[in-house]
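J.: need a structure here:
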Amino acid sequence: MRDVIMKSPSKQCSLDPIPTSVVKGCIDVLLPFLAAMCSASLAEGCLPVSQRHAVVTPLLKKAHLDAAEMKNYRPVSNLSFISKVVERLVSAQLVRYLQEHNLMPCMQSAYRRHHSTETALLRVLSDFFHRSG
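T.: Residues are numbered from 1 along each chain as shown. Now for the predicted structure:
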C-alpha cells in the first residue's frame with residue numbers, strides 16, 4: 001500500500017481533508033490508519049460514505065466548439081485521493097488474480113501493463129506478414 005500511495009500523482013481534490021503532499025510526507029504515521037480503512041473497504045466491498053463523492057467539472061470537448069451548447073461539454077470527475085488509492089488496490093488485486101489463474105485473454109492489449117495499441121498493431125502486422133509471406 002505504501003508503494004501505491006507514494007507512486008500516485010500528488011494531485012488533490014477539494015474533497016480531500018488534507019493535501020496529498022501531507023499524506024505522502026507523513027506516510028509512516030498515517031499508513032496504519034489508511035491500511036485499516038482500505039482493508040475495511042475491501043472486506044465490506046464498498047467505500048466509506050465520505051469517499052463516495054466526486055467534484056464534477058464540465059470541460060469543453062474541443063476549443064472551437066460553441067461554449068453555449070451543453071452537448072459540447074464532457075464531465076470530468078475529481079475523486080478523493082483515498083478513493084483512488086482503493087481503486088488502484090482493487091485493480092492490482094484483480095489483475096494479479098486474472099494473471100495467476102490464466103484468465104486474461106492472451107491477445108488482450110487494452111488495460112494491461114506493457115501492452116498497448118502499438119503491441120496489438122505489431123501482433124496483427126506480424127501475423128499478416130507471416131501468413132502472406
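
J.: and for residue 5, the neighbour number?
T.: Applying the criterion other Cβ atoms under 10 Å, we find 22 residues in the vicinity of residue 5. For every residue, glycine as well, the C-beta is placed using N, CA and C.

J.: spatially, what comes nearest to residue 10 if we skip its sequence neighbours?
T.: Nearest residue to residue 10, sequence neighbours excluded (Cβ to Cβ, 6 or more residues apart in numbering): residue 20, at 4.9 Å.

J.: any buried residues in stretch 44-52, and which?
T.: Within stretch 44-52, the residues that qualify as buried by neighbour count (16 or more other Cβ atoms under 10 Å) are 47, 51.

J.: now residue 105: how far from residue 98?
T.: 10 Å (Cβ to Cβ, to the nearest Å).

J.: the two - which one has more neighbours?
T.: Neighbours were tallied for residue 105 and for residue 98 using other Cβ under 10 Å; the higher tally belongs to residue 98 (14 against 9).

J.: quick one, what contacts that one?
T.: For residue 98, the contacting residues are residue 104, taking Cβ atoms under 8 Å, 6 or more residues apart in numbering as the criterion.

J.: for it, helix, strand, or coil?
T.: Reducing the assignment to helix, strand or coil with DSSP: H, G, I helix; E, B strand; the rest coil, the entry for residue 98 is helix.

J.: how near is it to residue 40?
T.: Residue 98 sits 24 Å away from residue 40, going by Cβ to Cβ.

J.: residue 68 - that's part of a helix, no?
T.: No: counting by three-state DSSP, residue 68 falls outside a helix, being coil.

J.: burial of it, as a residue count?
T.: Other residues lying near residue 68 total 6 when counted by other Cβ under 10 Å.

J.: read off the pLDDT value for it.
T.: Each residue has a pLDDT score; the one for residue 68 is 95.

J.: what of the one 4 residues further on?
T.: Per-residue pLDDT puts residue 72 at 96.

J.: might one say that it is in contact with residue 64?
T.: No: no contact is recorded between residue 72 and residue 64 when judged using Cβ atoms under 8 Å, the distance being 9.6 Å.

J.: these two: which is more packed in?
T.: Counted by other Cβ under 10 Å, residue 72 and residue 64 do not tie: residue 72 has more neighbours, with 15 against 7.
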